[in-house]
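>>> pasting the sequence and the predicted coordinates here, then a few questions.
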Amino acid sequence: MDVFLSQYDWIRRTRETLFRYCETLPYEDYVKEVEAFGGDSIRNLHAHVADCYQTWLGIRALEKQFPEINPQTIHSVQDMREIFAKTDDLVLEFLQEFKENGDKNIQITRNGESWNVTVLWLFTHTATHEFHHKGQIVKIGRQLGYIPPDTDLIEEFIPS
């Protein structure tokens, strides 16, 4: 699954761009709940993304225990970076555990129902989930009057 390690490295790069952007926002706007997004804030969406990785890869696939991430306990982008450092460790552990077994079926339980999903599905689900919410975070920033950076990796390939 080395391709997944490489892909996750790209995911982390886009996240870093988003973190640098969030560090330019006043804290009041980082935590501002925007009604058009169901009352979510940038901070809350970031916390939700990290919690998704923990739930799907950590709890369901690796059968580990994690406390739910409470956005109210996150007081800065640096706090969020620390949560994602632990998330990165979890994702790397998941990828190492299933290194040679991307097609392996894993039985998980969600809302009382059992599902058989593959390692590839779990990784894809969590990555696409993060990108879905990354788009929402960028959109919230725009609605608050900020100009977000390009978070789609394009700048990596544009010559200076």
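Cool, got the structure. Residues are numbered from 1 along each chain as shown.

>>> buried set for stretch 32-51?
32, 34, 37, 40-51 (16 or more other CB atoms under 10 Å). In this view, the C-beta of every residue, glycine as well, is placed from N, C-alpha and C.

>>> between those residues, which sits nearest residue 80?
For those, the residue nearest residue 80 by CB to CB is residue 46; the value is 5.1 Å.

>>> and the gap between the closest one and residue 87?
10 Å (CB to CB, to the nearest Å).

>>> repeat that for residue 96.
Taking CB to CB, one finds residue 96 at 15 Å from residue 87.

>>> neighbour count for these two, which is higher?
Neighbour totals were compared for residue 96 and residue 87, and residue 87 leads with 24 against 10 (other CB atoms under 10 Å).

>>> so for the helix or strand containing the more buried one, mean pLDDT?
Element membership for residue 87 (DSSP states H and E) is helix 77-97. Averaged over helix 77-97, pLDDT sits at 97.

>>> what's the span of stretch 101-108 from first residue to last?
End-to-end distance for stretch 101-108, by CA to CA, to the nearest Å: 16 Å.

>>> for that stretch, buried residues please.
102, 106, 108.

>>> what's the answer for stretch 70-78, then?
Those would be 71, 74, 77, for stretch 70-78 by 16+ other CB under 10 Å.

>>> fine by me, thanks again.
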